[in-house]
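# how would this look folded up:
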Amino acid sequence: MKTIPYLIMLLLVFWGTAAWSQVNKPATKDTSIAFKVYGACEQCKSRIEGVAKGRGVKKVSWDVDSKIFSVTYNPAQITIDKIENKIVASGHDLENKKANDKVYDALPVCCHYREIENMATDAGIHAIKTTTADSAVVATVKTDSAIAAVIEPVIAAPKASGHFIKGVVLEADKKGAFNPLNGASVIWLHSKEGVKTDSTGVFLIAHEGNNDKLIISYAGYQPDTIAITDMNELKIILAANNQLKEVTIVSKQRSTYLSAVNPIRTQIMTDKELFKAACCNLSESFETNPSVDVSYNDAVTGSKQIQLLGLSGNYTQLTVENLPGPRGIATPLGLNSIAGPWVESIQLTKGIGSVANGYESIAGQINVELKKPENSEQLFANVYVNDFGKTDLNLNLAKKIGKKWSTGLLLHDDFLNNKKLDFNKDAFRDQPTGNQFGLINRWKYEDGKGFLTQFGIKILNDKKTGGEVSFDPAADKNTINKYGLGINTKRYEAFAKIGYVFPEKKYKSVGLQLSAIDHQQDSYFGLTTYNAKQQNFYANLIYQSIINNTQHKFRTGLSFLHDKYNEDFKTINYKRTETVPGAFFEYTFTPNEKFSVIAGLRGDYNNLFGAFATPRLHVRYEPVKGTTIRLSAGRGQRTANIFAENTSVFVSSRQVNIITNNTGLAYGLNAEVAWNKGISVDQKFKLFQRDGLLSVDFFRNDFNNQVVVDMENARTINFYNLNGKSYSNSFQAEVNIEPIQKLELRLAYRYFDVKTTYSGKLMQRPLIATNRAFANLAYAFNKWKFDYTVTYNGKKRIPDTQLNPPTYQRPSYSPDFVLMNAQISKTVGKKHPMDFYIGGENLANYFQKDVIVGANQPFGPYFDASLVWGPVTGSMFYAGWRYKIK
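Coordinates of the predicted model:
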């Protein structure tokens with residue numbers, strides 16, 4: 001082994017001597033060499049060849065199509081390294097050397113080969129993609145054209161000709177591969193001014209006056225006219241498939257938008273939507289969304305839950321980047337555990353989702369996309385303070401390491417020490433005090449040849465103390481001196497994704513998703529203890545490809561879910577282990593631009609509940625341009641976690657009864673099974689020459705079995721399997737318009753009819769408003785943003801309290817009420833922008849005054865903090881600061 005270094009040294013000496021002799025020997029002959037130089041147009045050709053010429057260089061030539069640079073030179077007078085450096089210094093990349101970004105940016109618009117190459121690549125690979133540099137997003141608009149074009153308007157340096165549009169025109173073959181079209185015509189409508197694409201499909205055209213329509217034509221294709229709006233602000237990428245005849249437009253993204261071509265109706269909320277409010281965590285991310293309700297679980301723990309389609313959040317599948325999110329034991333505090341500044345976007349699907357994501361979605365699916373290190377800010381900082389005394393601190397860091405690696409670090413810390421927050425003067429804290437710390441460290445590797453992987457860890461440490469204002473854990477814990485609660489949560493996660501896209505067949509890919517979670521919660525509520533531990537492992541293998549052509553696509557794969565629960569409630573221990581292997585197949589049929597179908601089927605085997613099948617169907621139909629109709633139907637199944645999902649068992653003196661004839665299973669109760677059916681209509685229209693959208697949807701859930709939470713007896717809370725009917729009907733109408741430029745208005749009305757059979761009687765489910773109205777206004781100008789949201793909440797049925805003494809009884813229905821929130825923000829700076837924002841929530845200072853029953857006797861038989869129908873706190877005002885380094 002000791003001889004190896006000497007051998008290496010000898011080889012280096014030999015190589016150096018040979019190289020030196022080669023350089024210094026008489027240069028009797030010229031040397032020719034060829035290598036790749038990146039560029040885009042004839043101007044690039046002139047520049048590359050011009051800078052390469054000089055002493056010792058005999059002949060140069062650069063080919064626009066192949067990007068190959070050929071040079072003949074005399075090695076005695078100049079080295080190839082110097083020739084390469086001269087080319088790089090002019091702003092052109094080599095395979096082994098990269099030009100300075102500032103030099104590259106100074107090149108004429110038509111010479112920006114990096115963007116042009118990325119556009120062509122993106123058009124062939126991605127159906128839906130968010131671009132970070134200009135906050136653009138892909139939407140899809142159908143046309144009758146078979147031409148695929150990628151167009152990107154650019155604000156050029158000041159010239160006589162003003163704005164320019166550059167782009168690349170492509171065609172798609174039956175296998176979904178994209179090829180450039182040489183000689184395609186790009187002409188302004190009603191004009192003779194136009195250009196033709198070069199051999200790489202690239203063109204550059206000056207914007208002519210107020211013209212906003214381009215005609216793209218090519219031999220063998222029907223010419224198509226493409227409308228381009230707001231030329232100064234929009235960055236547009238058009239990408240169409242020859243078979244699907246669709247044009248995908250990327251424009252300055254709206255804060256919330258619908259995926260236009262996906263048969264699964266998916267609403268995407270971007271970070272712009274989240275910035276309309278302080279959005280400290282995920283539970284506050286839906287304040288400006290009319291589809292999702294967020295309410296307190298109870299009056300003392302501070303935990304919140306979402307409601308979708310009139311059903312509690314337990315029936316909505318929550319995922320983080322399509323991996324399991326807070327579920328099971330983490331359900332009550334899960335929404336608070338995901339920091340708002342970590343979120344890149346939220347994808348909201350009503351009704352059943354894709355079988356590839358599992359079987360648990362019944363009311364819908366919420367998928368949270370976190371900030372990615374490869375495209376997020378190098379640094380993002382956020383500081384938030386409100387008049388309750390709560391402070392949030394966030395720091396996001398991202399770093400690219402070489403060309404293939406990137407890493408990100410997301411940090412969050414919040415704390416509240418105000419023990420005297422008590423709006424209704426019942427001697428109980430309206431919010432628990434404490435501290436929450438969260439961390440995510442993630443890595444990504446992409447080799448540029450189809451292989452990519454990402455992996456990371458998540459850590460959460462949350463400590464909360466609540467109860468009476470004067471409660472002191474050191475002196476009063478586990479006594480009847482003062483009522484108090486403590487919740488200590490520790491959560492650790494590890495995740496990984498591994499994928500490969502076949503370079504020559506972009507439609508074909510294989511991916512593996514992995515996650516492991518350890519969640520521990522130790523808590524007490526007065527004299528009631530609840531300690532729980534959950535360990536979860538999830539794996540999902542997905543393969544997708546086409547059948548003959550892109551009209552027929554499919555996804556198939558295998559999944560594995562393992563949950564191990566250990567819960568101690570009072571003096572009883574509940575243990576269970578669920579293992580669920582499964583397989584799925586999903587077929588997508590798109591015969592034309594108007595019609596598409598996704599049909600999926602998965603089969604799973606639960607070691608507690610046996611085998612079951614999950615069929616799901618989604619249909620999209622566009623009878624006329626701008627009118628989209630979607631239908632969906634399918635089955636969902638989940639296991640209820642009765643303690644974690646119902647904090648009312650902890651914060652009341654009710655007797656807990658589990659009524660069952662079974663042993664084993666989950667608490668002796670069956671799995672919950674429901675069928676969801678839905679229809680939606682989205683109608684685009686023009687109002688004041690600006691785009692508008694009218695959306696109407698109706699969904700119905702029918703439960704075959706449900707774990708009923710029966711609180712109709714004021715002294716008990718009963719859990720039992722459904723014996724009778726249980727259903728929910730949800731109707732919503734929503735309109736999004738821009739009545740004047742830069743003023744966005746969102747109006748919505750929603751109606752719920754949700755009923756369940758309680759002890760043989762079909763009744764309206766409690767604490768759900770039948771009627772809700774919503775309005776959101778957003779106005780932006782000169783880096784100022786103004787947002788105002790008002791919601792009307794109809795009356796809610798309150799569980800029967802007639803068995804209580806009159807002092808502790810509550811009316812059968814709550815009053816209706818209105819909530820108002822507002823925020824103003826100002827952006828300062830360009831290179832490193834800072835946002836300053838102030839806002840207020842519940843501006844009318846409306847709150848539930850009798851929120852806790854028996855608050856004066858917390859250890860008495862009538863104490864109940866679970867009957868929450870309105871806000872627990874009154875008006876709250878806040879201020880904050882955001883800072884970015886892109």
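
# Next, the buried residues of the helix or strand that contains Phe752.
Phe752 is part of strand 743-758 when elements are defined by DSSP states H and E. Within strand 743-758, the residues scored as buried using 16 or more other Cβ atoms under 10 Å are 744-748, 750-752, 754-758. (C-beta placed from N, C-alpha, C; glycine too.)

# what's the answer for stretch 524-543, then?
Neighbour-count burial for stretch 524-543 flags 524-526, 528, 530, 532-542 (criterion: 16+ other Cβ under 10 Å).

# Kindly report the same for stretch 756-775.
756-758, 765-770, 772, 774.

# Farthest pair within the residues you listed?
Distances among these were taken as Cβ to Cβ; the most separated pair is Thr757 and Phe774, at 30.6 Å.

# Leu282 contacts Pro341, doesn't it?
No. Leu282 is beyond contact range of Pro341, at 11.1 Å (criterion: Cβ atoms under 8 Å).

# Between the two, which is the more surrounded one?
Comparing Leu282 with Pro341 by neighbour count (other Cβ atoms under 10 Å), the higher total belongs to Leu282, at 27 against 24.

# per-residue confidence for that one?
Per-residue confidence (pLDDT) for Leu282: 85.

# who's in contact with the closest residue to it other than its chain neighbours?
Closest residue to Leu282 apart from its sequence neighbours, by Cβ to Cβ, 6 or more residues apart in numbering: Ile338 at 4.1 Å. By Cβ atoms under 8 Å, 6 or more residues apart in numbering, the residues touching Ile338 are 281-282, 320, 325-326, 368.

# and if we set it to 7 Å?
Shown in contact with Ile338 (Cβ atoms under 7 Å, 6 or more residues apart in numbering): 281-282, 368.

# Kindly report the same for Pro108.
Shown in contact with Pro108 (Cβ under 7 Å, 6+ apart): Gln43.

# separation between it and His92?
Per Cβ to Cβ, to the nearest Å, Pro108 is found 13 Å from His92.

# try Asn641
Going from Asn641 to His92 by Cβ to Cβ gives 60 Å.

# With distance to Gly582 and pLDDT added, can I get the buried residues of strand 743-758 in TSV?
Shown next, in TSV, are the buried residues of strand 743-758 (distance: Cβ to Cβ, whole Å; pLDDT from 0 to 100):
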residue	distance to Gly582	pLDDT
Glu744	42	93
Leu745	44	96
Arg746	39	96
Leu747	42	97
Ala748	36	97
Arg750	34	97
Tyr751	36	97
Phe752	32	97
Val754	30	98
Lys755	32	98
Thr756	29	98
Thr757	31	98
Tyr758	33	97
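
# Could you verify that Lys45 is part of a helix?
Yes. When DSSP: H, G, I helix; E, B strand; the rest coil is applied, Lys45 is found to be in a helix.

# Count the residues that sit near it.
Using other Cβ under 10 Å as the criterion, Lys45 is surrounded by 17 other residues.

# Next: Lys831.
7.

# That one: what's it in contact with?
By Cβ under 7 Å, 6+ apart, the contact list for Lys831 is empty.

# Three-state assignment for it, please.
Look at Lys831: counting by three-state DSSP, its state is coil.

# Now it: phi and psi?
The phi and psi values for Lys831, taken as degrees, to the nearest 10, are phi -70, psi -50.

# do the same with Asp65
According to degrees, to the nearest 10, Asp65 has phi -70, psi -50.

# Report pLDDT for it.
Looking at Asp65, its pLDDT reads 73.

# where's it relative to Asp800, distance?
Asp65 sits 79 Å away from Asp800, going by Cβ to Cβ.

# Next: Met269.
38 Å.

# hang on, the earlier thing: quick check: of the buried residues of stretch 524-543, which lies closest to Gln823?
Phe525 (34.6 Å).

# The residue nearest to Phe609 when sequence neighbours are not counted: what's it in contact with?
Take Phe609 and drop its neighbours on the chain: the residue closest to it by Cβ to Cβ, 6+ apart is Ala671, 4.6 Å away. Contact partners of Ala671, counting by Cβ under 7 Å, 6+ apart, are 609, 637-639, 705.

# Which among the residues you listed count as buried?
By neighbour count, with 16+ other Cβ under 10 Å, the contacts of Ala671 hold 609, 637-639, 705 as buried.

# more neighbours, Asp65 and Asp800?
A direct count of neighbours by other Cβ under 10 Å for Asp65 and Asp800 places Asp800 higher, at 17 against 10.

# okay, now Val64: neighbour count?
16.

# got the contact list for the closest residue to it other than its chain neighbours?
Excluding the flanking residues, the one nearest Val64 by Cβ to Cβ, 6+ apart is Lys45, at 5.8 Å. Applying Cβ under 7 Å, 6+ apart, we find Lys45 in contact with 39, 62, 64.

# What separation do you get for the nearest residue to Ile542 once chain neighbours are set aside and Lys506?
Setting aside the residues directly before and after it, Ile542 is nearest to Gly557 in space (Cβ to Cβ, 6+ apart), at 4.1 Å. Between Gly557 and Lys506 the computed distance is 19 Å (Cβ to Cβ).

# Looking at these two, which one has more neighbours?
Between Gly557 and Lys506, counted using other Cβ under 10 Å, Gly557 has the larger neighbour count: 21 against 17.

# Going by neighbour count, list what's buried in the helix or strand hosting that one.
Here Gly557, judged by DSSP H and E, is contained in strand 549-569. Across strand 549-569, burial judged by 16+ other Cβ under 10 Å covers 550-551, 553-557, 559, 561-563, 565-569.

# Give the helix, strand or coil label for Tyr530.
Using three-state DSSP, the structure places Tyr530 in strand.

# and the gap between it and Val708?
Separation of Tyr530 from Val708 (Cβ to Cβ) stands at 21 Å.

# Grab the nearest non-local neighbour of Ile629.
Nearest one to Ile629, counting by Cβ to Cβ, 6+ apart, is Tyr621 at 4.8 Å.

# Might one say that the one you found is in contact with Ser596?
No. If you go by Cβ atoms under 7 Å, Tyr621 and Ser596 don't touch, sitting 8.2 Å apart.

# Between the two, which has more neighbouring residues?
Ser596 (22 against 14).

# Specify the beta-bridge partners of that one.
Arg620 (DSSP bridges).

# same thing with Tyr384?
Beta-bridge pairing for Tyr384 (DSSP bridges): Asp392, Gly880.

# Hmm, Cys280 and it touching each other?
Yes. If you go by Cβ under 7 Å, Tyr384 and Cys280 touch, sitting 5.9 Å apart.

# Pull up the overlap in contacts between the two.
By Cβ under 7 Å, 6+ apart, Tyr384 and Cys280 have these common neighbours: Asp392.

# one step back: strands - which of the buried residues of stretch 524-543 land there?
524-525, 528, 530, 532-542 (DSSP state E).

# Just put the buried residues of stretch 756-775 in a markdown table and tack on secondary structure and distance to Ile679.
A markdown table is the format used below for the buried residues of stretch 756-775 (DSSP: H, G, I helix; E, B strand; the rest coil; distance: Cβ to Cβ, whole Å):
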| residue | secondary structure | distance to Ile679 |
| --- | --- | --- |
| Thr756 | strand | 23 |
| Thr757 | strand | 26 |
| Tyr758 | strand | 29 |
| Arg765 | coil | 23 |
| Pro766 | coil | 28 |
| Leu767 | coil | 27 |
| Ile768 | coil | 22 |
| Ala769 | strand | 23 |
| Thr770 | coil | 21 |
| Arg772 | strand | 20 |
| Phe774 | strand | 21 |
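
# tell me which of the residues you listed is nearest to Lys399?
Proximity of those to Lys399, judged by Cβ to Cβ, is greatest for Phe774, which lies at 40.5 Å.

# Tell me the pLDDT of the residue nearest to Ile629.
pLDDT for Tyr621: 96.

# Now for Ala674: which residues touch it?
Contacts of Ala674 (Cβ under 7 Å, 6+ apart): 362, 636, 701-704.

# go again using 10 Å as the cut-off
Contacts for Ala674 were tallied using Cβ atoms under 10 Å, 6 or more residues apart in numbering; they are 311, 315, 352, 362-363, 634-638, 701-706, 726-728.

# That one: which element?
Here Ala674, judged by DSSP H and E, is contained in strand 672-687.
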